[in-house]
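**Student:** 3D model of this:
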Amino acid sequence: MHYGCAPVGYETDVLVIGGGPTGLAAAVELGGRGVSCVVVEPRERVSRLRPRAKTTSVRTMEHFRRWGLAQRIREVAPLKVGWSQEIVFCATLLGPEVTRFDDCFDLCTGRSDVFAETSQQIPQPLVEEVLRERVAGLPAVEPLLGWRMEGLEERADGVLVTIADERGARRVVHASYVIGADGAGGRTRAAIGTRYEGSSLERPNLTVVFRAPDLADRIPHGPAIQYWSIDPAAPAFAGRLDLDGVWWIGFIGVDGTRGDVDERALIDAAAGERVDAEVLSTDPWLNRMLLAERWSTDRVFLAGDAAHLNPPWGGHGFNTGIGDAVNIGWKLAAVLQGWGGGSLLASYEAERRPVAQETIDVASSHTSHLAADLADPLLRDPGAAGAARRAAAAEEIQRAKFSEFHSRGLVLGSGYEGSPLVIGDGTEPPPRDPVAYVPSAHPGARLPHAWLDASRCVFDLLGPGFSVVRARPGCDPEPLLRAAADRGVPATLVDVAGHGLEGLYGAGLLLVRPDGHVAWRGEDAPADPAAPLDVARGAASLRLGRA
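**Tutor:** The predicted structure follows:
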């Protein structure tokens, strides 16, 4: 990695401002396609004391599989999938159990027929370290660590970005395009003249990372990825960061910006007993439901927290940012390599903004049943009254919180059915449900997963460009492949005829985008086989007119 100065007049295809998970994912997507990319990130090292996101969803893991990183993520994750898939609600961490949820976040130990990769509990800093490793090995990507964006000027021929290091040295980078992935406090959003819209809850919260080597042995509830302590003294939710005694705990309604907060006393209160704990870090935060009013200009694109912020409930924020990075990444590569059409980049906001809005809405719906809202001192009562209250609370919690921990419909069902890049086939998509997922190859949807043998799935055969999937014997994919070749569009034949997938896919032929979403499907190639391809690459309107 390069820790020195970028020379004056430094040029690149894409400048990524921000080297968190979203920015690094964008660099991996771009660099893996051979697009020159510079990543500007102020932090030279990743701190493990700010765990932030901890749930890597099945969809994000499928992207990591495509990048060849899924196994590496699982290797470095301290809590393996088989260690626990449960979330426990208890009166206090060391007190009576109220209820529990199993198979949370699709943490499955066996192979699934619905997705190619199970989700993974892993602290965000470890994900960043894995992505930094990959970026360092991509010849097309140059990480500039210790540098931050100072100013941005968009011109007709590109974007001039002034960057500076901690010593005050300044350089100018000329990029064809910029991805602003510099988070809520970054400068890119303001630099393109846009701002957040939405609201934040006034109730403050505080996350504390602490070391307590003997706490796990004292907790009577067994392994769990989260423990929700719902005692009024210190309502909180907590979990292990590793198996060596480091924990995180989030206190609801605690203002961590005040100087009189006693984190040690809060930990004891949440546990219900004295805990031998060493506080390692604190991180105040608010529940924020914010969406940038505009995500892009002609050459600058916001992604991740720079574009949207949602409450952490359900663990979707980080994963939504990865989806942003994949979407804008392949589109920028297509335009820079000459096979993307003139309207391709404008589709980024049209596709991703509704996904971010839905994610905000779903996460916000869980804010009415947090630990503080569920708290009741009677839950600790060892007698009959306490048992009755715990039974009643268990019913309420199961009813209110199930969808927070089981959101497969949101994770896998979010698609681009209304996109200008998608050609509808006259059928109705499955009803949208954040919990239940109905596999469907309806245009705009994620191509349904299917195993082909013991280790390979259909996703493993998709190419880096478009893929023409032949699902039914007798269908001829050659017209679509010839049309792609004539236009210089990378296209891969994925012939799975004979695997019995035509019923799942609802057609004999499918045109699948580089991000794994279906752009078109039909029983045979259309009379003009270039028409769906031109729409899908942003070179024609939905009228299937001329490119």
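**Student:** Just the terminal-to-terminal distance for stretch 178-186.
**Tutor:** 14 Å (Cα to Cα, to the nearest Å).
**Student:** hmm, who's touching it?
**Tutor:** With Cβ atoms under 8 Å, 6 or more residues apart in numbering as the test, stretch 178-186 has contacts from 14-20, 22-23, 26, 149, 152, 159, 161, 188-189, 191-192, 288, 290, 299-306, 309, 321, 325, 328, 332. C-beta: built from backbone N, CA, C; applies to glycine.
**Student:** where does the protein dip in pLDDT?
**Tutor:** 1-9, 541-547 (pLDDT under 70).
**Student:** Helix or strand: which one has the most centrally placed residue in it?
**Tutor:** Ranked by distance to the mean C-alpha position of the chain (Cα atoms, centre = their mean), the top residue is residue 319 at 1.0 Å. Per DSSP states H and E, residue 319 falls inside helix 317-336.
**Student:** Packing partners of that helix?
**Tutor:** strand 10-17, helix 21-31, strand 55-56, helix 58-66, strand 170-180, strand 308-309, helix 347-364 (3 or more Cβ pairs under 8 Å, 6 or more residues apart in numbering; DSSP states H and E).
**Student:** So what are the sheet partners of the third one and their directions?
**Tutor:** Same thing as strand 55-56. With DSSP bridges as the test, strand 55-56 is paired with strand 120-121 (antiparallel).
**Student:** next one: the fifth one
**Tutor:** In the sheet, strand 170-180 lines up against strand 10-17 (parallel), strand 158-165 (antiparallel), strand 300-302 (parallel) (DSSP bridges).
**Student:** Export those to a markdown table and append columns for distance to residue 526 and mean neighbour count.
**Tutor:** Listed next are these as a markdown table, based on distance: least, Cβ to Cβ, whole Å; neighbours: other Cβ atoms under 10 Å:
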| stretch | distance to residue 526 | mean neighbour count |
| --- | --- | --- |
| strand 10-17 | 34 | 25 |
| strand 158-165 | 37 | 20 |
| strand 300-302 | 32 | 27 |
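**Student:** So which of the helices and strands packed on helix 317-336 is nearest residue 97?
**Tutor:** Among those, strand 55-56 comes nearest to residue 97, with 22.3 Å by Cβ to Cβ.
**Student:** Work out the gap between that closest one and the centre of the chain.
**Tutor:** Chain-centre distance of strand 55-56: 8 Å, with Cα atoms, centre = their mean, to the nearest Å.
**Student:** what sits up against that strand?
**Tutor:** By Cβ under 8 Å, 6+ apart, strand 55-56 touches 64, 73, 105, 119-122, 127, 315, 318-319.
**Student:** how about a cut-off of 7 Å?
**Tutor:** 73, 105, 119-122, 127, 315, 319 (Cβ atoms under 7 Å, 6 or more residues apart in numbering).
**Student:** Please apply the same query to stretch 295-310.
**Tutor:** 20, 22, 26, 154, 158-159, 177-184, 186, 188-189, 192, 288-292, 316-317, 320-321, 324-325, 328, 348-349, 353, 356, 359-360, 363-364.
**Student:** can you check stretch 432-445 too?
**Tutor:** 114, 362, 403, 406-410, 412-413, 415-417, 419, 422-425, 427, 429-430, 447-448, 504-507, 510, 517-521.
**Student:** if you look at those residues, which of them are in helices?
**Tutor:** 362, 403, 408-410, 412-413, 504-505 (DSSP state H).
**Student:** can you put the residues you listed in JSON lines and add distance to residue 540 and neighbour count?
**Tutor:** Below are the ones in helices among the contacts of stretch 432-445 laid out as JSON lines (distance: Cβ to Cβ, whole Å; neighbours: other Cβ atoms under 10 Å):
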{"residue": "362", "distance to residue 540": "34", "neighbour count": "21"}
{"residue": "403", "distance to residue 540": "40", "neighbour count": "19"}
{"residue": "408", "distance to residue 540": "34", "neighbour count": "21"}
{"residue": "409", "distance to residue 540": "32", "neighbour count": "19"}
{"residue": "410", "distance to residue 540": "31", "neighbour count": "26"}
{"residue": "412", "distance to residue 540": "29", "neighbour count": "22"}
{"residue": "413", "distance to residue 540": "28", "neighbour count": "24"}
{"residue": "504", "distance to residue 540": "29", "neighbour count": "16"}
{"residue": "505", "distance to residue 540": "24", "neighbour count": "24"}
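**Student:** Grab the two from the residues you listed that are most spread out in space.
**Tutor:** 403 and 505 (28.3 Å).
**Student:** who does residue 173 bridge with?
**Tutor:** With DSSP bridges as the rule, residue 173 is bridged to residue 10, residue 161.
**Student:** State the number of residues packed around it.
**Tutor:** 27 (other Cβ atoms under 10 Å).
**Student:** ok, it - contacts?
**Tutor:** Contact analysis of residue 173 by Cβ under 7 Å, 6+ apart lists 6, 10, 12, 15, 38, 161, 163.
**Student:** The residues you listed: which two are farthest apart?
**Tutor:** Among the contacts of residue 173, 12 and 163 lie farthest apart (Cβ to Cβ), at 11.8 Å.
**Student:** nearest to residue 398, of the contacts of strand 55-56?
**Tutor:** residue 105 (16.5 Å).
**Student:** Let me know the secondary structure of the closest one.
**Tutor:** Judged by DSSP: H, G, I helix; E, B strand; the rest coil, the three-state class of residue 105 is helix.
**Student:** Show me the strands in the stretch 1-150 of the chain, by range?
**Tutor:** 10-17, 37-41, 55-56, 87-90, 97-101, 120-121, 141-145, 147-155 (DSSP state E, counting those that start in this stretch).
**Student:** Show me what the second one is in contact with.
**Tutor:** By Cβ under 7 Å, 6+ apart, the surrounding residues in contact with strand 37-41 are 12-19, 23-24, 27, 30-31, 135, 140-145, 147-149, 163, 173.
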